[in-house]
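Asks: Provide a 3D model corresponding to the input given below.
(one chain, ligands or ions: 1)
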Amino acid sequence: MKSVCIGIDLGGTFIKFCMLDQASRAGGVLQLPTPVDADGIVATMAAGAKQAIAATSLSREQVRGVGVGSPGPLDLDAGMVIDSPNIPGLRNFPLRDRVAEAIGLPVTLENDANAAAYGEFVCGAGRGTRDMVMLTLGTGVGGGIIHQGRIVHGAHGIGGELGHMIVQSIDGRPCGCGQRGCLEQYASAGSLARHAADRLRRETPAGVLRTAFEAGERIEAHDIHAAHIAGDAFATELWEELAYYLATGCISICRAFDPERIVLAGGMTRAGDDLLNPVRRHFEALHWRLTPIRTALAVASLGNDAGAVGAAGVAWRTARNENHP
Ligand SMILES: [Zn+2]
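Replies: Numbering: from 1, shown residues only. Okay, the predicted model is just below:
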């Protein structure tokens with residue numbers, strides 16, 4: 001008999017739902033707008049789960065459990081959201097138990113970036129590996145580490161915050177986390193746009209970015225990508241710098257974890273080979289010579305569904321009575 005787990009990904013704008021069956025086939029994706037308050041979020045999660053079940057021919061008994069991926073920091077043992085900058089109502093909120101009560105099924109809570117990495121691991125670009133690391137390049141840089149099939153949480157539940165690995169230790173750019181020189185200040189879409197604007201305020205590089213900047217336009221990461229592809233020298237310099245820092249981050253990941261694959265995800269990866277090729281080039285040039293390169297770099301394949309798929313994968317681990325991944 002077919003059985004499924006439901007995955008729920010709590011985002012700042014949408015709550016996304018999906019089903020994952022026992023053979024790791026995902027489907028039944030739907031999304032609902034995220035309410036602003038905690039009670040509304042719990043009610044929407046219950047309603048979405050009900051809707052997801054109703055859209056299939058499955059009975060409730062065939063649903064083995066629910067996984068919830070949430071922004072953090074979280075207390076995974078207690079099932080609590082400690083803080084959530086984008087959803088203030090969730091501060092110190094017992095999300096796991098409240099959702100379990102509302103849906104009437106066991107719930108497993110996981111950090112959203114870890115859930116997305118686990119989703120790619122279970123049925124995306126990391127499928128078939130046992131050791132995989134994912135970097136999500138968005139406003140910041142999210143990270144997730146899968147070691148021997150399990151999510152690495154660390155001793156205090158804050159392992160895998162790879163966007164805050166220090167890649168520039170002298171005169172590093174300040175990061176919102178309080179450190180300086182964090183990877184996310186060099187390799188995120190947000191940092192690329194900020195750094196471009198910063199340089200355009202101080203310097204006068206020729207090209208389309210300067211023209212747009214002087215016309216008062218807001219320069220985004222995709223504008224820099226487009227200008228780079230069109231042959232703009234300043235844009236290429238910015239793009240290459242991002243690829244360089246990303247490659248150094250990947251090498252540090254290799255030295256610490258020796259993964260089979262590093263999966264790059266997030267909006268920046270829409271650039272495809274335009275991003276992957278320079279990152280690979282710097283990765284090969286900067287990699288140590290003590291052993292051959294055996295870690296492959298790949299682009300994620302599940303897009304925005306990875307978090308919900310991974311949350312369902314996490315629920316499966318609980319349902320199979322394996323330890324929390
Ligand atoms: Zn940081």
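
Asks: what's the spacing between the residue in the stretch 201-325 of the chain that the ion sits nearest to and residue 82?
Replies: In the stretch 201-325 of the chain, no residue comes nearer to the ion than residue 249, which is 12.3 Å away by CB to the ion. To be clear about C-beta, it is placed using only N, CA and C from the backbone, and glycine gets the same treatment. For residue 249, the distance to residue 82 (CB to CB, to the nearest Å) stands at 26 Å.

Asks: so the closest residue to the residue of the stretch 201-325 of the chain closest to the ion other than its chain neighbours versus residue 39, what's the distance?
Replies: In space, and not counting its chain neighbours, residue 249 is closest to residue 183: 4.6 Å by CB to CB, 6 or more residues apart in numbering. According to CB to CB, residue 183 stands 37 Å off from residue 39.

Asks: look at the two and report which has more neighbours.
Replies: Comparing residue 183 with residue 39 by other CB atoms under 10 Å, the one with more neighbours is residue 183, at 29 against 12.

Asks: so residue 249 and residue 82 - more neighbours on which side?
Replies: Legend: neighbour count by other CB under 10 Å for residue 249 and residue 82, higher for residue 249 (27 against 14).

Asks: ramachandran angles for residue 290?
Replies: phi -70, psi -30 (degrees, to the nearest 10).

Asks: and the stretch 151-300 of the chain, which residues reach the ion?
Replies: 164, 175, 177, 179, 182 (CB under 5 Å from the ion).

Asks: how about the closest residue to the second one other than its chain neighbours, what does it touch?
Replies: Looking back up the chat, that one is residue 175. Nearest residue to residue 175 in three dimensions, chain neighbours excluded: residue 182, at 4.0 Å (CB to CB, 6+ apart). Shown here is residue 182, whose contacts under the criterion CB atoms under 8 Å, 6 or more residues apart in numbering are 163, 164, 165, 166, 167, 172, 173, 175.

Asks: how many neighbours does the residue in the stretch 1-150 of the chain that the ion sits nearest to have?
Replies: Nearest to the ion in the stretch 1-150 of the chain, going by CB to the ion, is residue 140, at a distance of 8.2 Å. Neighbour count for residue 140, taken as other CB under 10 Å: 23.

Asks: wait, it touches residue 187, no?
Replies: No - under the criterion of CB atoms under 8 Å, residue 140 makes no contact with residue 187, lying 9.6 Å away.

Asks: for this protein, which segments count as helices?
Replies: 38-54, 95-103, 112-123, 184-187, 189-202, 208-214, 221-229, 233-257, 273-286, 306-319 (DSSP state H).

Asks: redo the ones you listed as CSV? Include mean pLDDT.
Replies: As requested, the helices of the chain are exported to CSV (pLDDT from 0 to 100):
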stretch, mean pLDDT
helix 38-54, 95
helix 95-103, 97
helix 112-123, 96
helix 184-187, 97
helix 189-202, 96
helix 208-214, 94
helix 221-229, 97
helix 233-257, 98
helix 273-286, 98
helix 306-319, 96
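
Asks: no further questions, thank you.
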